[in-house]
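Chemist: Sequence plus the predicted model coming up.
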Amino acid sequence: MDLHRRNYYKKKKKYLIVVMFLIMIIAALMYIGLSYGKTIYSFSHIYNVLFHGETEGAFVITTLRLPRVIIGLLAGICFGLAGNIFQKLLRNPLASPDMLGISTGASVAAVFAILILQLSGLIVSLIAIIFGMLISLLIVLLSYHHGYSNNRLILIGIGMRAMLSAMISWMLIRASEYNVGNALRWLSGSLNTVNMNDAFSLLIVTIIACVLIAIMNNGLSVMGLGEELPVSLGVNTKTLRISLVIVGLMLVAFATSITGPIASVSFLSGPIAGRILRNGKNNMAATACIGAILVLASDLIAQYGLSSRYPVGVVTGMLGAPYLLYLIFMMNKKGVQ
Amino acid sequence: MQIKAEQLYLGYDEENIVKNLSMTPPIGKISVILGANGCGKSTLLKSFARLLDARKGQITLDEKSLSSYKTKTLSTHIGLLPQNPVVPEGISVMDLVLRGRYPYQKMFSSLTKKDFDIVHQSLSMMNIEDLHDKNVDELSGGQRQRVWIALSLAQDTDILLLDEPTTYLDISYQIEILDSLMTINKKKNTTIVMVLHDINLAARYADYIYALKEGELIKEGKPEEIITSELMKEVYGLDCKVIEDPIAHSPFVIPKGQYHQ
């Protein structure tokens, strides 16, 4: 029996090593984000600007690049965790907030506020957050028909997303060119307009959410065993399900209100972490890291790797498409249960 | 611990699925609930694990109403293995069985030596020790069912409820599973209440049988006392002959049919 114990801690150690490795990749990406651009700054120069009040290049590094990498990191964590919560809770890789139309719901409201109501600034974000929540509520309510079903919720969510995307297209076609630029951030997420204040509020939300997830993670693992067994194992499934959904929505809503819906990050992070670790667990820490890596790396590609500068969501969106095709292909092969 | 149903009514929506049912499964014995499809067997079993609340009447555990127990406390007394639990993709046998220790885990504290001891015992009792590092997806149906029972064993409860633990299994696996449940019952003195489809296996392994029809308990007792052709006719609408099982000496039901009278 000591064998089992040793095995268990060996696996835990392996997990920690993977997470450390991912954190190193994040650190490297953040460093590149700070140093690379029109002017390339050395490590020691960046260090002096951040900690010793060096003024040369201070504007570029602290005002333009620093909020960008910090928000890239935090938004990646938020989207990754939120997606993983929904996917694990509903036991379906398609069940991430960007697939279910929650992010699209927030975008519709924001685009409507900008283009039709002519609003801007914080109020747009607030409207986006509230409408995103309302859409989720609507999806949940619609999926109660003679009792609740996970699969019905997912199908309704996907349908809802298609409908909401159509509404956005319609509004864009009718809008004047001047306003479209402003609304674009809400179509594919972008880190172009972020600042340090955003970073601070997002940091607080991220920390609160991480603590709550750590508390609920064991219960969520047990909920992966079906509808009935978790109850018999002493999980208060109703309370836990609602609390987790609220945490997930909070993460998506806040991150979306700052960066817009960075496509596919919540859809991809959990499954990638699962593929790397292959252990049937929630892998929250690894998922958060993968989310951050996806956003940071995609943002570098979007800025410097393509013919012209694109918003980060364009790159992440392209990553999501092949995985979605793969999932649908595999489901077809397996037969839908 | 003694679980007991008193004038119990259960149901979904408008319909009553279980009606006015009282039963007291004997402590430390194997009880089997028999009945035709849709007679309320599974519903009854679920209500014992509080997956479903009583409409009227009540279920008690040691004279206290089931609803007065905290969810986590209750899960240290009663375990239910449902019909179709979900295997998380890529999970190992060990990690799955460890989830049976959830009722005993405190927030943020790690697993104790006791957790590992009990999981080890559960694995060896189900003869799946050498599978501990295997991926559950890769196991055969029979092995997988043993893993699930090991998880329920790790839960370490006085009462174990099982909903058709032998469905979809080959006959040799059915016997293996039922044998190991009997071992559990003998070694740990666990009260077992289960739903079985196969009347002859039920008659062989059960100490006590409850026969349900349309949500009502129509007969209960030891298999040799109650399994008769009359009861089979009443419960399943089946014409049959009952003889003695030459091996276990329990009642053995031989069905008749249109071409075999």
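Modeler: That came through fine. Quick caveat, the model's predicted, so the values are computed rather than measured. Residues are numbered from 1 along each chain as shown, chains lettered A, B, ... in the order given.
Chemist: My guess is B:Leu74 contacts A:Leu233. True?
Modeler: No. Counting by C-beta atoms under 8 Å, B:Leu74 stays clear of A:Leu233, with 10.3 Å between them. C-betas here are computed from N, CA, C, even on glycine.
Chemist: Those two - which one has more neighbours?
Modeler: Between B:Leu74 and A:Leu233, counted using other C-beta atoms under 10 Å in any protein chain shown, the more crowded position is A:Leu233 (28 against 21).
Chemist: need the strands for the stretch 51-200 of chain B, in chain order.
Modeler: For the stretch 51-200 of chain B, applying DSSP state E, counting those that start in this stretch gives strands covering B:56-61, B:64-65, B:78-81, B:159-163, B:191-195.
Chemist: Could you say which of the ones you listed is packed most deeply?
Modeler: Mean neighbours per residue, mean count of other C-beta atoms under 10 Å in any protein chain shown, is largest over those for strand B:78-81, with a mean of 25.
Chemist: partners of that one, with directions?
Modeler: Counting by DSSP bridges, the strands paired with strand B:78-81 are strand B:159-163 (parallel).
Chemist: who's in contact with the strand it pairs with?
Modeler: A:232, B:1, B:3, B:42, B:45-46, B:48-49, B:77-83, B:149, B:152-153, B:181, B:184, B:190-195 (C-beta atoms under 8 Å, 6 or more residues apart in numbering or on different chains).
Chemist: what do you get for stretch B:235-246?
Modeler: B:34-36, B:200, B:203-204, B:211-213, B:218, B:227-229, B:232-233, B:250-257.
Chemist: same thing with stretch A:188-197?
Modeler: Applying C-beta under 8 Å, 6+ apart, the set of residues contacting stretch A:188-197 is A:62-63, A:66-68, A:70-72, A:75, A:184-185, A:256, A:258-263, A:295, A:299, A:311-314, A:316-317.
Chemist: same thing but at 6 Å, please
Modeler: With contact meaning C-beta atoms under 6 Å, 6 or more residues apart in numbering or on different chains, stretch A:188-197 is reached by A:67-68, A:71-72, A:259-263, A:299, A:311-314, A:317.
Chemist: okay, the lowest-mean-pLDDT helix or strand in chain A in CSV with CA atoms only?
Modeler: The weakest-scoring helix or strand in chain A, judged by mean pLDDT, DSSP states H and E, is helix A:177-184 (a mean of 76). Coordinates of the C-alpha atoms in helix A:177-184 are reproduced here as CSV (Å, rounded to 0.1, in the frame of the first residue of the first chain):
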residue,chain,number,x,y,z
GLU,A,177,-17.9,53.2,-40.7
TYR,A,178,-16.7,55.6,-38.0
ASN,A,179,-18.1,53.5,-35.2
VAL,A,180,-17.2,50.1,-36.5
GLY,A,181,-13.6,50.3,-35.4
ASN,A,182,-14.7,50.7,-31.8
ALA,A,183,-17.1,47.8,-32.0
LEU,A,184,-14.5,45.5,-33.6
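Chemist: can you put the strands of the stretch 51-200 of chain B in a markdown table and add mean pLDDT?
Modeler: Formatted as a markdown table, these follow (pLDDT from 0 to 100):
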| stretch | mean pLDDT |
| --- | --- |
| strand B:56-61 | 95 |
| strand B:64-65 | 95 |
| strand B:78-81 | 97 |
| strand B:159-163 | 97 |
| strand B:191-195 | 97 |
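Chemist: which one of those strands lies closest to B:Gly100?
Modeler: strand B:78-81 (8.0 Å; C-beta to C-beta).
Chemist: what about chain A, any weak spots by pLDDT?
Modeler: For chain A, applying pLDDT under 70 flags the ranges A:1, A:335-337.
Chemist: one more time with 80, if that's ok
Modeler: Applying pLDDT under 80 to chain A flags the ranges A:1-2, A:120-121, A:145-150, A:176-182, A:184-185, A:188, A:331-337.
Chemist: For residue 12, which three-state class applies?
Modeler: Because you didn't say which chain, this covers chain A. Following DSSP: H, G, I helix; E, B strand; the rest coil, A:Lys12 is assigned to helix.
Chemist: other chain: chain B
Modeler: Under three-state DSSP, B:Tyr12 falls in the coil class.
Chemist: Can you report phi and psi for it?
Modeler: Phi and psi for B:Tyr12, reported as degrees, to the nearest 10, are phi -120, psi 150.
Chemist: Next: the one 5 residues further on.
Modeler: Recorded main-chain torsions at B:Ile17 are phi -90, psi -40, according to degrees, to the nearest 10.
Chemist: And the helix or strand harbouring A:Ala106, what's buried?
Modeler: Assigned by DSSP states H and E, A:Ala106 belongs to helix A:102-115. Neighbour-count burial for helix A:102-115, counted by 16 or more other C-beta atoms under 10 Å in any protein chain shown, picks out A:102-115.
Chemist: what's the following helix or strand after it?
Modeler: helix A:122-142.
Chemist: what's around B:His187, how many residues?
Modeler: Not His; residue B:187 is Lys. B:Lys187 sits with 10 neighbouring residues when counted by other C-beta under 10 Å.
Chemist: scratch that, A:Leu324 is what I was asking about
Modeler: A:Leu324: 15 surrounding residues under other C-beta under 10 Å.
Chemist: Helix or strand: which one has it?
Modeler: Per DSSP H and E: A:Leu324 is located in helix A:312-334.
Chemist: ok, and does that helix reach over to chain B?
Modeler: No. On the criterion C-beta under 6 Å from any C-beta of the partner chain, helix A:312-334 is out of touch with chain B, staying 11.4 Å away.
Chemist: so what's the residue in the stretch 151-261 of chain B that chain A sits nearest to scoring on pLDDT?
Modeler: The minimum distance from the stretch 151-261 of chain B to chain A, using C-beta to the nearest C-beta, falls at B:Gln155 (6.6 Å). We have a pLDDT of 97 for B:Gln155.
Chemist: Pull the distance from stretch A:178-198 to the chain's centre.
Modeler: Here stretch A:178-198 is found 16 Å from its chain centre; the criterion is C-alpha atoms, centre = their mean, to the nearest Å.
Chemist: If we go by neighbour counts, what in the longest helix along chain B is buried?
Modeler: In chain B, taking DSSP state H as the definition, the longest helix is helix B:171-188. Neighbour-count burial for helix B:171-188 flags B:Tyr173, B:Gln174, B:Glu176, B:Ile177, B:Leu178, B:Ser180, B:Leu181, B:Ile184, B:Asn185, B:Lys188 (criterion: 16+ other C-beta under 10 Å).
Chemist: Run through who's touching it.
Modeler: Residues outside helix B:171-188 that contact it (C-beta under 6 Å, 6+ apart) are B:Ile30, B:Met126, B:Gly142, B:Gln145, B:Pro165, B:Thr166, B:Thr190, B:Ile192, B:Tyr205.
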